[in-house]
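A.B. asks: Sequence and computational prediction follow.
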Amino acid sequence: DDRKVSHFGKFLFKNIPATQKLLREGIYWLFEFLGKAFIGNKMLYNLSEYLALNKLKKEVKDPETRRKLTPQYKLGCKRVLVSDDYYPTFNRPNVSLITENIKKITFNSIVTTDGMEHPVDIIVFATGFEAADIALYTTILNKNGVNLIDEWAKTGAQAYHGTTVSGYPNLALLLGPNTGLGHNSVIHIMESQMNYVVQYLDLLEKNGNKAYLDVKPEIQKTHNASIQQQFEGTVWASGCKSWYLNKNGRNTTLYPRLTVEFRKDTQTLNPDDYVIHNGHSQTDQKNSLGEGDIQSKQKQTH
């Protein structure tokens, strides 16, 4: 449905800005609704799969090419490609889809395992990227000198609401572990996280200049166990291999529910989830900022 905005549409957007907001809201809620197909709604999933396969059937003329382009895994298990001009490309006489493995690369060709030699001018290695294992050349040390990246390499990337990490006080992440999406805009996730981070900073400020907050390890552990459990019954746990999964098969990338649920989960920071050090004592300062104060602060930030 990728098309130019009409002159009338531009007129509306310019003279009645609310129409832009209405359209954006409509797109958001449409994708949020369709996201239910990925998390267990069978009726929506079957409809989505039918529409996707029907699009393939209509837009690719050659039956053998259609067969090669037909996924052997559930829709959404890997990243969904949203495009109006990808499939029609394969109808062009100068385009071929070759799925055999590469045996070797010569000076001016690619030789596949079926013995065919394919002359080439340029080879583009579109090999994707690494997300799930967080293989960063970055050092983030805690007070004991442990590097977070090294720790994640052993345990798999994990955080609390994808934002704070136990053992690494006063560290806040955006789009951290299990905050990615397969159905909607991650900007919505980031805005939810920023609301949470602002409350975090308010609580930190309340406890003085030397204060630091550390999410309790049992809170983070319980949260991540719940996240992994929520993948059961979703398309992402249906057996395909994707960049959503780390080397041990753990999904450290996606949030397994809808964005409205993430916003609800991060709406209010609970001080009881954190060990609060005020710089004067190593004892926990329980509920230094009450829930009412947090909500009041939150309204001010909005």
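C.D. replies: Looks like it came in fine. Nothing here was measured: the structure is a model prediction, and the numbers come from that model. Numbering: from 1, shown residues only.

A.B. asks: How many residues are close by the nearest residue to residue 254 once chain neighbours are set aside?
C.D. replies: Closest residue in space to residue 254, ignoring its immediate chain neighbours: residue 180 at 4.9 Å, by CB to CB, 6 or more residues apart in numbering. Any C-beta I mention is one placed from the backbone N, CA and C, and that applies to glycine too. Applying other CB atoms under 10 Å, we find 20 residues neighbouring residue 180.

A.B. asks: what ranges do the strands span in the stretch 101-250 of the chain?
C.D. replies: Taking DSSP state E, counting those that start in this stretch as the test, the strands found in the stretch 101-250 of the chain are 102-105, 109-112, 117-119, 212-215.

A.B. asks: Residue 250: which of the ones you listed is closest?
C.D. replies: Closest of the strands of the stretch 101-250 of the chain to residue 250 is strand 212-215, at 19.9 Å (criterion: CB to CB).

A.B. asks: Tell me the helices and strands packed up against the closest one.
C.D. replies: Counting contacts by 3 or more CB pairs under 8 Å, 6 or more residues apart in numbering; DSSP states H and E, strand 212-215 is packed against helix 186-206, strand 274-277.

A.B. asks: Residue 231 and residue 34, how far apart?
C.D. replies: Distance of residue 231 to residue 34, given as CB to CB, to the nearest Å: 19 Å.

A.B. asks: OK, contacts around the residue nearest to residue 254?
C.D. replies: 131, 186, 189, 244, 253, 254, 255 (CB atoms under 8 Å, 6 or more residues apart in numbering).

A.B. asks: Closest to residue 3 out of the residues you listed?
C.D. replies: residue 186 (24.8 Å).

A.B. asks: Count residues in the vicinity of residue 213, would you?
C.D. replies: Counted with other CB under 10 Å, residue 213 comes out at 23.

A.B. asks: ugh, wrong one, I meant residue 46
C.D. replies: 12.

A.B. asks: now do residue 34
C.D. replies: Residue 34 sits with 18 neighbouring residues when counted by other CB under 10 Å.

A.B. asks: Repeat that for residue 140.
C.D. replies: Residues contacting residue 140 under the criterion other CB under 10 Å number 16.

A.B. asks: Quick one: residues contacting the nearest residue to it once chain neighbours are set aside.
C.D. replies: Spatial nearest neighbour of residue 140, excluding adjacent residues (CB to CB, 6+ apart): residue 148 at 4.1 Å. Applying CB under 8 Å, 6+ apart, we find residue 148 in contact with 140, 141, 142, 165, 168, 171.

A.B. asks: Brilliant, that's me finished.
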